[in-house]
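Novice: Predicted model and sequence follow; I will ask about them next.
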Amino acid sequence: MRVSVKKYEGVFFRERKELFNGRPDRTYEFCWQEAGRKRWRTAGRLSRGVTAADAAKARLEALSGRALAGAGQDLSVAGVVQAWLAGAAPDKSSRCHARTLIRDLGGTRLADLTVGRLDDYKRQLLGERGLAESTARHVLVALASAINHAIRHGLWAGFNPVSRAAGFRMPRPDNKGERWLRPGEAERLLSALRASSPLWHDMALVSLHSGLRLTELYRLRVGDVDAGSMTAIVCGKGGRREPVALTQEALGAIAGRGGGPGELVFRTGTGKRPDKSVPFARAVELLGLNEGVTDRRQRVWFHTLRHTFASWLVQGGVDLYTVQHLMRHRSPQMTQRYAHLDPARLRAPLEVIRRAMAGVPGAEQAPAPAKPPRSRRRP
């Protein structure tokens, strides 16, 4: 009986009666779809040094060879994208973008795909198609990934025109969230979550008190939290391990979840992480926080809690340098978006103007306070 290797798409193994290192030997096989039928090929036995990774590599080479057989300099965008689909196992969204590329640019030779041609295609996506900038970006990123995949596996010896080095500029969608919650809104949201889902209430509370992202909360384990120093080590963007300061309220919410050091802090009854934020979305809908809001930047979603954390810090007088480190931003520019929330920071420079204008003739000045009359002695 074939058993699927979950880590590698299309790779299976069958156990044999012979033993290898005290366990049943395995024969690795892989399959693919061709002309509506499933084709199988044997990669080899574990006892002969063949692993699941080797079977996955052999599958990639077989599929790439079929997709690009005899292409040479006539290699088309469709061939590159099909090889990427076969070997990289992209997600459902990327597969949808790949079909768009095959429909629009499938017959274009990769050698003829210039930056000018890509700029025309970008304008077509944004103009004639009316796609959002983020969607057009995803389509072009899929094309860049497909070409990089071909270069990485020796299927294409040219350069990638969908890159900054080639002079191409991706669409820059301006959809960063600007919404932050006022204290009353945050209190009502936490109350609604407490009544509907204590798990999501605790996740929201920790995010409000620490600025943690949803993905970081998903991966947080009990052993990552040090109650003595009131810190936690989280797996941030790019897989970096970063220390985060916690408040007493955040520590209380984490301690209330319990569990062993290796267990996830925020887990369902089955021990798995909560994959969907349905309870949070329902609480937001119940409170009407997104009612009538059409601008995505002004909508409330879980990441709004991180914006709220930073906004409250700035409004409370915390300097932007400290906020940058608490938010773990790589550059100060990422923190500058919150600068406008500090009114004192904007008013202070105006005092310089007032002092400079104090000595300018004709400038309006506040009348000086009247001095009390001097007492005169009679001779």
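Specialist: Yep, it's here.
Novice: C-alpha only now, for contacts and for neighbours.
Specialist: OK.
Novice: Longest helix in the protein, by number of residues?
Specialist: helix 133-152 (DSSP state H).
Novice: Help me confirm that residue 180 comes into contact with residue 311.
Specialist: Yes - in this structure, residue 180 is within contact of residue 311 by Cα atoms under 8 Å, at 7.0 Å.
Novice: remind me which residues of the stretch 201-350 of the chain are low pLDDT?
Specialist: For the stretch 201-350 of the chain, residues meeting the criterion pLDDT under 70 lie at 238, 270-271, 345-346.
Novice: Which parts of it are helices?
Specialist: 214-219, 248-255, 278-287, 304-315, 320-327, 332-335, 343-357 (DSSP state H, counting those that start in this stretch).
Novice: residue contacts, the spatially most central residue of the chain?
Specialist: By Cα atoms, centre = their mean, the chain has its centre lying nearest to residue 237, at 7.7 Å. Shown in contact with residue 237 (Cα atoms under 8 Å, 6 or more residues apart in numbering): no residues.
Novice: try the one 3 residues further on
Specialist: With contact set as Cα under 8 Å, 6+ apart, residue 240 has no partners.
Novice: Residue 307 versus that one, what's the distance?
Specialist: 21 Å (Cα to Cα, to the nearest Å).
Novice: Same check on residue 216?
Specialist: 15 Å.
Novice: same deal with residue 29?
Specialist: If you go by Cα to Cα, the gap between residue 29 and residue 307 works out to 49 Å.
Novice: Those two - which one has more neighbours?
Specialist: It is residue 29, of residue 29 and residue 307, that has more neighbours when counted by other Cα atoms under 10 Å, with 25 against 20.
Novice: Confirm the more buried one sits in a strand?
Specialist: Yes - counting by DSSP: H, G, I helix; E, B strand; the rest coil, residue 29 is found in a strand.
Novice: what sits against it?
Specialist: 11, 12, 13, 40, 41, 42, 43, 44, 55.
Novice: Would you indicate which residues of the helix or strand harbouring the second one are buried?
Specialist: Here residue 12, judged by DSSP states H and E, is contained in strand 11-20. Residues of strand 11-20 classed as buried under the neighbour-count rule (16 or more other Cα atoms under 10 Å) are 11, 12, 13, 15.
Novice: Let me know the closest of the contacts of residue 29 to residue 157.
Specialist: residue 55 (24.8 Å; Cα to Cα).
Novice: wait, isn't that closest one in contact with residue 45?
Specialist: No - assessed by Cα under 8 Å, residue 55 is found out of contact with residue 45, at 10.0 Å.
Novice: out of the two, which sits in the more crowded spot?
Specialist: residue 55 (26 against 20).
Novice: Quick check: that one vs residue 21, distance?
Specialist: 20 Å.
Novice: Pull the residues that contact stretch 128-148.
Specialist: 80-81, 83-84, 94, 97-98, 100-101, 122, 125-126, 156, 160-163, 170-173.
Novice: Off-centre distance for that stretch?
Specialist: Relative to its chain's centre, stretch 128-148 lies at 17 Å (Cα atoms, centre = their mean, to the nearest Å).
Novice: what do you get for stretch 186-194?
Specialist: That offset, for stretch 186-194, works out to 25 Å (Cα atoms, centre = their mean).
Novice: Look up phi and psi at the closest residue to residue 114 other than its chain neighbours.
Specialist: Using Cα to Cα, 6 or more residues apart in numbering and skipping the chain neighbours, the partner closest in space to residue 114 is residue 161 (6.3 Å). Note on residue 161: its backbone torsions stand at phi -70, psi -20 [degrees, to the nearest 10].
Novice: Residue 161: neighbour count?
Specialist: 22.
Novice: just the one 3 residues further on next, same as before
Specialist: Burial of residue 164, expressed as a neighbour count using other Cα under 10 Å, amounts to 10.
Novice: Pull up the gap between the closest residue in space to residue 279 that isn't next to it in sequence and residue 189, please.
Specialist: Closest residue in space to residue 279, ignoring its immediate chain neighbours: residue 197 at 6.5 Å, by Cα to Cα, 6+ apart. The spacing between residue 197 and residue 189, counted by Cα to Cα, is 11 Å.
Novice: what sits up against stretch 260-268?
Specialist: With Cα under 8 Å, 6+ apart, stretch 260-268 has contacts from 199, 203, 217-224, 254, 257-259, 271-274.
Novice: List the buried residues for it?
Specialist: 263, 264, 265, 266, 267.
Novice: okay, the residues you listed in CSV with distance to residue 295 next?
Specialist: Converted to CSV, the buried residues of stretch 260-268 look like this (distance: Cα to Cα, whole Å):
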residue, distance to residue 295
263, 39
264, 35
265, 34
266, 31
267, 33
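Novice: That's all I had, so thanks and see you.
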